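Peer 1: Sequence below, structure please.
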Amino acid sequence: IWLAVVREPIAYAELRRLLAQPPVPRMTLEAVRSLLRRSLVEMYDGGFGLQNVVLEYCTDLLIGNVVQELLAEPSQDKKKPTLQCTNCVALVLAKTKEYIRTSQIRLLLQPVLQQLTAQLGGQGTQERLKWWLEQLRTASLSPGYAAGNLLNLLLHLEVDLRGYDFSGLYFRELNLRGVSLPETNFAQAKVVDGVFTEPFSIVDTAVFSPDGSYLAAGTTEGAIYIWETAEQQIIRVIREHSQAITELAFAQQANK
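Peer 2: Numbering: from 1, shown residues only. So this is what the prediction gives:
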């Protein structure tokens, strides 16, 4: 399934890195060798890949599994639904080539959205994705791709995420280049291998100016980022410190 996501041959080490919960190396190697013997996986100069027929089959299988999981509803007669496949595999990768990411959006993310909206409608799909985000906080899932997939689906559904709560969730391979998320809550969220419009390390502290016009954030790398809140743009990066910034304060301007 992961080979259907990456869309081109990939080295074994990189393929293993993408696994949400990789088993011991011996088991992974045995699985790859078994797939090679059955001609389900092919060897290329760039690593492992899929023939077109197998690629199409695995693509359809992934889309179908994700849609089925997202459409599942809790019932008194059934166990609480889970997002096993949605958590194991990313529909879109943040750190990949642009043409690959474009293909992932067109061939994976958009078909999932189309099937969801065909069943639930636009508003119903939004409500279902929001419901699943709330369920993730109490789910017994291992860290994986579920939260990132849900956020990507909401973004491509062009939902206004103002006021959404993403606090405490685990995000992996999240592409937030050019994404505006005003008044969204990411408190205590963990972002792994994410990509932002402006690169920065872990934020240790953040503070608004007294009039609310600016937001300053101190990072573990010792840099201070200052945003203008009205335009939501970085206006300055201060790199005068070599140690982590753990406290920040705006100086009070003296009255004239």
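
Peer 1: pLDDT of stretch 202-211, averaged?
Peer 2: Averaging pLDDT along stretch 202-211 gives 85.

Peer 1: Okay, now the unreliable bits of the stretch 51-200 of the chain?
Peer 2: In the predicted model of the stretch 51-200 of the chain, residues 74-81, 197-200 satisfy pLDDT under 70.

Peer 1: Check whether Arg236 sits in a helix, strand or coil.
Peer 2: With DSSP: H, G, I helix; E, B strand; the rest coil as the basis, Arg236 sits in strand.

Peer 1: just so I have it, where are all the strands in the stretch 51-200 of the chain?
Peer 2: For the stretch 51-200 of the chain, the strands defined by DSSP state E, counting those that start in this stretch cover 170-172, 175-176, 190-192, 195-196.

Peer 1: Just name the most buried of those.
Peer 2: Comparing the strands of the stretch 51-200 of the chain by mean neighbour count (mean count of other C-beta atoms under 10 Å), strand 170-172 ranks first with a mean of 22. All C-beta atoms are positioned from the backbone trio N, CA, C, and that covers glycine.

Peer 1: which helices and strands sit right next to that strand?
Peer 2: In this structure, strand 170-172 packs against helix 146-156, strand 190-192, with contacts taken as 3 or more C-beta pairs under 8 Å, 6 or more residues apart in numbering; DSSP states H and E.

Peer 1: buried sites along the first one?
Peer 2: Of all the residues in helix 146-156, those buried under the rule 16 or more other C-beta atoms under 10 Å are 146-155.
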